[in-house]
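*Asks:* A structural model of the following input is requested.
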Amino acid sequence: MDVITTEKRLEILSGSCNAALPRAVAKKLGTEVGQITLERFANGEIKCQIGESVRGADVFVFQTHDRPVNDAIMEHAIIIDAAKRASARRITAVCPFFGYARQDRKSAGREPITAKLIVDILTAAGADRMLSVDLHSGQIQGFFDGPFDHLTAMPLLSDYIKKQLGSDVVIVSPDAGRVKTAERYTQQLGSDLAIVHKVRSHTKANTSEARDVVGDVVGRRCVVIDDMIDTAGTVCAAAEQLKQHGAAEVYVLATHGVLSDPARERLEKAPIDRVIVTDTLPMGEGRRMAKLEVLSIAPLMAVAVDAVFRDKSVSNIFGGENHQ
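*Replies:* Residues are numbered from 1 along each chain as shown. Got it, this is the predicted structure:
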């Protein structure tokens with residue numbers, strides 16, 4: 001009897017949020033994003049149909065959980081469900097920006113752990129593994145009972161610092177929660193570290209106050225490192241403190257440019273020379289500003305997708321720095 005062998009097949013599908021990123025990833029891998037039709041019923045429900053066979057394929061379903069976030073997550077789950085029912089061999093839920101990541105634990109009574117709920121929704125839809133970039137909290141990986149590939153934009157951002165800002169910089173953590181991440185940058189770049197002491201309001205969302213700076217920043221070029229910029233309150237408060245303590249220049253680098261109102265207004269007024277983010281979220285007209293620079297995360301994601309597809313180590317790509 002002849003032995004039947006089947007060739008592995010890579011298939012990339014994309015939701016409607018930030019579709020340019022999976023197209024760039026597919027191009028790097030020498031393929032194209034699969035055909036998919038996404039429409040709305042009259043009452044707003046999402047209708048999905050995959051336009052080609054994915055039977056037996058290794059399917060990567062890309063969706064950035066961008067605003068409207070709830071619609072994006074539901075669309076993600078629906079596409080995954082469609083791929084599962086179309087007999088995909090393995091489905092990876094790719095979330096360049098993972099929605100509800102800040103709600104990863106109970107910080108007060110009678111609160112949900114919404115990050116876990118999002119993982120459960122994608123799992124129920126049919127995701128066999130997950131892939132995301134710079135989660136707000138690394139513990140979210142443990143919410144998924146399967147392989148979770150946690151990528152980091154550190155190689156991309158570190159390379160930018162080396163080439164554009166030089167080695168004589170001070171890496172700044174904008175609050176106590178980002179100290180570990182900032183330390184990893186200092187170790188890789190051989191730079192000094194400073195920490196902004198911040199107090200966040202417990203009664204008003206997205207409100208914080210920077211009160212002091214630990215570290216020598218006088219006359220120095222300071223680089224504030226964060227995972228995301230949402231309303232920009234944290235990084236703008238940090239920039240104000242750094243300038244008050246004698247910093248010569250302030251740059252802000254973050255993986256995710258969420259940039260919810262009033263972020264643009266705050267960043268344009270703040271004593272910040274340049275804001276650098278990646279394209280995990282779409283940087284359309286609503287987010288663009290003169291001091292904003294966008295780096296493409298597609299090359300890093302393409303290498304990771306290829307490693308997953310070929311059953312190779314993802315950690316080796318990042319030298320183990322993707323584990324937090």
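
*Asks:* from what I can see Ala248 touches Arg220, true?
*Replies:* Yes - counting by CB atoms under 8 Å, Arg220 is a contact partner of Ala248 at 6.0 Å. Using the backbone N, CA and C atoms, a C-beta is placed for each residue, glycine as well.

*Asks:* what about the two, which has more around it?
*Replies:* More crowded of Ala248 and Arg220, by other CB atoms under 10 Å: Arg220, with 22 against 14.

*Asks:* List the backbone torsions phi and psi for the more buried one.
*Replies:* Main-chain dihedrals, Arg220, degrees, to the nearest 10: phi -100, psi 160.

*Asks:* Next, find the distance separating it from Val314.
*Replies:* To Val314, Arg220 is 35 Å away according to CB to CB, to the nearest Å.

*Asks:* Helix, strand or coil: sort out Ala115 for me.
*Replies:* Applying DSSP: H, G, I helix; E, B strand; the rest coil to Ala115 yields a three-state assignment of helix.

*Asks:* what pLDDT does the closest residue in space to it that isn't next to it in sequence get?
*Replies:* Excluding the flanking residues, the one nearest Ala115 by CB to CB, 6 or more residues apart in numbering is Asp104, at 4.4 Å. The model reports Asp104 with a pLDDT of 95.

*Asks:* Show the contacting residues for Asp104.
*Replies:* Applying CB atoms under 8 Å, 6 or more residues apart in numbering to Asp104 gives the contacts 113, 115-116, 136-137, 139-140.

*Asks:* Please repeat the previous calculation with a cut-off of 10 Å.
*Replies:* Residues in contact with Asp104 (CB atoms under 10 Å, 6 or more residues apart in numbering) are 98, 113-116, 135-140, 142-143.

*Asks:* now swap in Tyr100 and tell me
*Replies:* 65, 69-70, 73, 112-119, 136, 140.

*Asks:* give me that answer again for 6 Å
*Replies:* 114-115, 118 (CB atoms under 6 Å, 6 or more residues apart in numbering).

*Asks:* ok, and the most crowded of those residues?
*Replies:* Neighbour max across these (other CB under 10 Å) = Ile118, 25 neighbours.

*Asks:* and that one, helix, strand or coil?
*Replies:* Applying three-state DSSP: Ile118 is helix.

*Asks:* where in the chain is pLDDT low?
*Replies:* Residues of the chain meeting the criterion pLDDT under 70: 1-6, 198-210, 320-324.
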